[in-house]
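K.L.:
My questions are about this predicted structure, shown below with the sequence.
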Amino acid sequence: MGSIRRSAWLLALAVPFRLGAQVNVLTYQYDAARRGVIANETTLTPSNVNPSQFGKIATIPVDGVVYAQPLYLSNVDMGPSGVHNVLFVATEHDTVYAFDADTLSSSPLWQTSFLSSGVTTIPSSDTGCTHIVPEIGVSSTPVIDSTTGTLYVVASTKENGDFVHRLHALDVSTGAEKFGGPVVIQASVPGTGDGGSTVTFVARNYKQRIGLLLANGLVYIGFSSHCDLGSYHGWLLGYDAQTLQQSAVFNATPNGEAGAFWQGGAAPSADSDGNIYIASGNGTFDGQTNFGESYLKLSGRDLKVLDYFTPYNYGDLNNKDLDLGSAAAVLLPDQPGPRPHLMIGGGKGSRLYVIDRDNMGKIGSGSDSQIVSSAQASPLFGSGAFFNNTFYMCSGGDFLRAYPLSNGQLGASAMGKFSYTSPCVPIVSSNGGSDGIVWTLDRSNTLRAYDANNISNEIYDSAMNPSRDALGTYVKYSVPTIINGRVYAGTQNSIVVFGQMSTTTTLSVSNAASGEASVAAPGSLIAIKGVALTQTTATAQGFPLPLSLGNAAVTINGISAPLLYVSPGQINAQVPFEVGGGSAVLNTMLLGDISATAGLTIRGIAPGLFLSGNGQAAVINDSGAVNSPSQPAAAGSFVAAYLTGLGQVDNIVPTGAATPATPLSQTTTPVTATIGAQKAQVTFAGLAPGFAGLYQVNLIVPTLAPGSYPLQITIGGFTSNTGLISIR
């Protein structure tokens with residue numbers, strides 16, 4: 001029947017099957033317009049975000065402070081461990097992590113450190129500035145190109161006494177460097193601002209704080225100074241996303257000084273035409289070559305100034321350190337009327353500006369009457385959010401405010417109930433235009449949620465249940481990531497995850513291989529998804545499989561199910577062979593109490609073919625190698641495919657026990673297989689020796705032209721899902 005060697009790779013089949021959502025968070029504040037809205041959140045609503053139904057479900061430790069917004073990419077092929085929905089986290093200790101966003105395991109899928117012998121983070125004490133403490137590593141929010149599977153991140157290091165900034169391009173599947181990276185960031189422009197004929201980028205003088213922007217095939221990187229110390233300028237640099245070669249350089253004050261790009265960590269904005277919008281801080285302004293204290297519109301490919309707005313009182317703002325550049329420009333959706341392309345911004349000068357992006361107004365004399373409108377407000381840091389024609393912002397010493405916009409005019413603000421001790425950056429989650437929730441993080445170490453239609457209604461804050469929902473230590477201007485029913489918040493040493501507490505409506509059960517929902521066969525492997533299923537992550541260490549793991553247990557019609565893996569978001573279990581057919585009730589248990597319930601149909605046969613990534617079937621060649629396009633099987637050779645749910649066997653194996661090699665346990669129902677359109681001879685079908693709930697089908701590869709073909713298994717009138725098998 002073919003000699004197939006057992007492979008440690010098969011253990012990866014114990015990892016939960018993941019039904020990946022297609023929603024992603026690839027950049028700061030969700031999109032290049034920086035509106036701060038995730039508009040396809042269907043789980044969290046104002047009615048279920050409350051202390052009884054919503055709270056902290058996991059804490060994932062990391063090695064440093066998290067200033068960067070966590071990013072999220074669905075359906076990432078991680079090789080042998082399969083396909084995952086991934087949360088990417090960058091820290092000031094110069095580390096990037098990739099975590100499973102479903103299981104919330106504290107063990108990363110991968111982590112990449114930019115430190116090595118003689119290479120450290122930059123001690124804050126070396127800069128003379130306490131804006132970021134105690135170390136500077138990765139401060140800005142990275143950006144992801146989902147089409148190439150690349151995460152771009154800038155890391156700052158200290159090497160032989162020098163400060164170095166590098167652009168890294170990491171493979172989202174492995175964390176490995178791509179495109180010949182990393183590259184050291186350097187730049188120079190003609191100018192007299194440094195007392196000569198050239199202004200040169202001196203790495204020691206700069207902090208890379210604002211988020212990265214990916215547009216026009218370039219990665220844009222902005223720099224500010226350390227506090228307002230030393231000689232500095234505002235730099236914005238563009239690097240080719242494929243070659244990592246520098247393609248564009250912009251200096252805000254080449255013939256002057258200062259004009260740094262702060263934006264409270266917010267990334268530059270970009271419109272649908274690829275134009276870039278960025279706000280400079282206090283610095284020299286002449287409207288010719290120097291553009292301190294200005295909103296700038298730059299051409300995408302060469303970063304030339306196309307237009308700008310500078311407040312008429314920029315000199316006074318400079319003198320009082322009330323720079324415009326403390327917040328990013330929020331680009332609004334197209335508006336009715338003659339000026340459809342508007343943006344809203346503000347700074348430390350306690351004023352909001354509504355600006356026409358097609359005619360920004362440059363600078364006026366004695367007033368700013370040339371722009372669309374302006375309004376008195378509190379100082380703005382980071383960015384606001386725009387949802388349903390309302391601009392949301394909050395400031396230190398003030399309340400969350402909501403300004404309605406009509407015909408380009410900001411109306412009187414609605415006001416929340418809580419006065420913030422420090423600025424925050426609001427984020428809105430919604431289901432289209434409904435179920436809007438405004439989320440904030442603040443210095444009282446609290447996650448807060450407000451009804452977006454009535455921000456005086458604070459529907460949740462983590463201090464309402466402090467023993468359960470404690471956030472940890474807040475990071476200033478921190479931006480939470482809300483996606484797929486969960487809130488991910490960065491702290492001084494962790495990612496804290498909030499979501500719905502387990503209820504019958506949030507528990508789902510699926511075939512661990514095919515993902516078929518709510519149907520399973522006796523003895524098969526299933527994946528159970530929910531929230532707060534356990535407080536830890538654990539994997540079974542041997543056979544027989546345990547009936548309790550990490551204080552969690554599962555019963556099906558009252559019969560305990562063996563557990564392979566448990567985590568706050570997912571449990572892997574084996575359906576007991578003793579469970580009868582028909583409707584069944586599955587309960588998850590935590591510390592002996594039922595935590596959630598789901599319905600399940602038990603069918604005698606429910607075949608599911610495991611996949612190993614990229615749609616490839618979980619198949620081992622007769623050489624022992626995992627089948628793939630680079631390791632195809634020869635026509636006429638034996639291969640083994642791995643499945644679950646093939647039903648009863650002739651030599652019964654106890655539930656949870658490892659299948660013995662002697663005697664073999666073959667299926668009592670005949671099995672057939674096809675590869676492409678051709679029948680493949682099955683030489684054995686039964687439980688895989690050395691495992692529980694895993695079936696093995698040995699077959700002979702038919703004669704086919706070289707290539708990859710769909711493999712499908714049929715038993716008892718039920719056909720499995722398909723996976724590719726590669727043939728030579």
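P.N.:
Here it is on my side, so go on.
K.L.:
what's the helix or strand for the closest residue in space to V487 that isn't next to it in sequence?
P.N.:
Excluding the flanking residues, the one nearest V487 by C-beta to C-beta, 6 or more residues apart in numbering is F498, at 4.2 Å. C-beta coordinates here come from the backbone N, C-alpha and C atoms, glycine included. F498 belongs to strand 494-500 when assigned by DSSP states H and E.
K.L.:
so what does that strand touch, helix or strand wise?
P.N.:
Using 3 or more C-beta pairs under 8 Å, 6 or more residues apart in numbering; DSSP states H and E, the elements in contact with strand 494-500 are strand 54-61, strand 486-490.
K.L.:
I'd say S106 and I60 touch.
P.N.:
Yes: counting by C-beta atoms under 8 Å, S106 does reach I60; the two are 5.2 Å apart.
K.L.:
Buried residues in whichever strand or helix holds S430, which are they?
P.N.:
Taking DSSP H and E as the criterion, S430 maps to strand 427-431. By neighbour count on 16 or more other C-beta atoms under 10 Å, the buried set for strand 427-431 is I427, V428, S429, S430.
K.L.:
same thing with stretch 393-411?
P.N.:
393-396, 398-403, 405, 408, 410.
K.L.:
how many neighbours does R603 have?
P.N.:
For R603, the count of nearby residues is 17 (other C-beta atoms under 10 Å).
K.L.:
out of the buried residues of stretch 393-411, what pair is the most spread apart?
P.N.:
G396 and G408 (28.0 Å; C-beta to C-beta).
K.L.:
Surely Q245 and Y239 touch.
P.N.:
Yes: in this structure, Q245 is within contact of Y239 by C-beta under 8 Å, at 6.7 Å.
K.L.:
Between the two, point out the one with more neighbours.
P.N.:
Comparing Q245 with Y239 by other C-beta under 10 Å, the one with more neighbours is Y239, at 24 against 10.
K.L.:
residues contacting the residue nearest to D461 when sequence neighbours are not counted?
P.N.:
Nearest non-adjacent residue to D461, counting by C-beta to C-beta, 6+ apart: R448, 4.4 Å away. Applying C-beta atoms under 8 Å, 6 or more residues apart in numbering to R448 gives the contacts F418, W439, T440, L441, D442, E458, Y460, D461, S462.
K.L.:
Show me how the record splits this structure into domains.
P.N.:
As recorded under automatic domain parsing, the domains making up the chain are 503-602, 606-727.
K.L.:
what's the closest of these to T310?
P.N.:
Nearest of the domains of the chain (C-beta to C-beta): domain 503-602, 48.8 Å.
K.L.:
ok, how many other residues are close to the residue nearest to Q574 when sequence neighbours are not counted?
P.N.:
Spatial nearest neighbour of Q574, excluding adjacent residues (C-beta to C-beta, 6+ apart): G693 at 4.2 Å. Other residues near G693 come to 29 when the count uses other C-beta under 10 Å.
K.L.:
And L115, by the same measure?
P.N.:
Under the neighbour criterion other C-beta under 10 Å, L115 is assigned a count of 15.
K.L.:
Give me the pLDDT for it.
P.N.:
Note on L115: pLDDT of 98.
K.L.:
what about stretch 410-427, distance to the chain center?
P.N.:
Stretch 410-427 sits 26 Å away from the centroid of its parent chain (C-alpha atoms, centre = their mean, to the nearest Å).
K.L.:
likewise stretch 24-42?
P.N.:
For stretch 24-42, the distance to the chain centre is 11 Å (C-alpha atoms, centre = their mean).
K.L.:
Now that stretch: buried residues?
P.N.:
Here stretch 24-42 shows 24-39, 41 as buried, counting by 16+ other C-beta under 10 Å.
K.L.:
quick one on the thing from earlier: overlap in contacts, Q245 and Y239.
P.N.:
Joint contacts of Q245 and Y239 (C-beta under 8 Å, 6+ apart) are V183.
K.L.:
Contacts only, for P190.
P.N.:
S197, T198, V199, P254.
K.L.:
So the last one sits against V189, correct?
P.N.:
Yes: contact between P254 and V189 holds when scored by C-beta under 8 Å: they sit 5.2 Å apart.
K.L.:
More neighbours: which of these two?
P.N.:
P254 (21 against 17).
K.L.:
Could you tell me the phi and psi values at the more buried one?
P.N.:
Backbone torsions of P254, given as degrees, to the nearest 10, read phi -70, psi -20.
K.L.:
Contact partners for it?
P.N.:
V189, P190, G191, T192, G193, V199, H233, T289, N290.
K.L.:
Just say helix, strand or coil for P80.
P.N.:
Here P80 is helix, with the state taken from DSSP: H, G, I helix; E, B strand; the rest coil.
K.L.:
of the contacts of R448, closest to A101?
P.N.:
W439 (17.5 Å).
K.L.:
Can you give me the distance of the nearest residue to A661 once chain neighbours are set aside to L664?
P.N.:
Spatial nearest neighbour of A661, chain neighbours left out: P689 (4.1 Å); criterion: C-beta to C-beta, 6+ apart. Applying C-beta to C-beta, to the nearest Å, the value for P689 to L664 is 7 Å.
K.L.:
now T446
P.N.:
T446 is 59 Å from L664, by C-beta to C-beta.
K.L.:
beta partners for N40?
P.N.:
Taking DSSP bridges as the rule, N40 bridges to N431.
K.L.:
just checking, it touches N431?
P.N.:
Yes: here N40 reaches N431: they are 7.0 Å apart, a contact under C-beta under 8 Å.
K.L.:
Let me know whether S510 touches S518 as I believe.
P.N.:
Yes: the criterion here is C-beta under 8 Å, and S510 meets it with S518 at 7.3 Å.
K.L.:
Between those two, which is the more surrounded one?
P.N.:
Between S510 and S518, S510 has the larger neighbour count (other C-beta under 10 Å), namely 22 against 15.
K.L.:
Check which helix or strand that one maps to.
P.N.:
Here S510 is assigned to strand 508-511, by DSSP H and E.
K.L.:
List the buried residues in that strand.
P.N.:
V509, S510, N511.
K.L.:
Looking at S106 and I60, which one has more neighbours?
P.N.:
I60 (22 against 17).
K.L.:
Mind pulling up the pLDDT for the closest residue to the more buried one other than its chain neighbours?
P.N.:
Distance criterion C-beta to C-beta, 6+ apart; nearest residue to I60, sequence neighbours excluded, is I495 at 4.5 Å. Confidence at I495, expressed as pLDDT, is 96.
K.L.:
do the same with the one 5 residues further on
P.N.:
Q500 carries a pLDDT score of 83 in this model.
K.L.:
cool, P16 as well?
P.N.:
So P16 comes in at 40 (pLDDT).
K.L.:
next helix or strand past the lengthiest helix in the chain?
P.N.:
The single longest helix within the chain, with elements called by DSSP state H, is helix 314-319. Where DSSP H and E defines the elements, the next helix or strand beyond helix 314-319 is strand 330-331.
K.L.:
what's the model's confidence in the strand or helix carrying L405, averaged?
P.N.:
Taking DSSP H and E as the definition, L405 sits inside strand 398-406. Strand 398-406 shows an average pLDDT of 96 in the prediction.
K.L.:
Any idea which helix or strand in the protein has the lowest mean pLDDT?
P.N.:
strand 611-613 (a mean of 82; mean pLDDT, DSSP states H and E).
K.L.:
Toward the C-terminus, what is the element adjacent to that strand?
P.N.:
Trace forward from strand 611-613 with DSSP H and E and the next one is strand 616-617.
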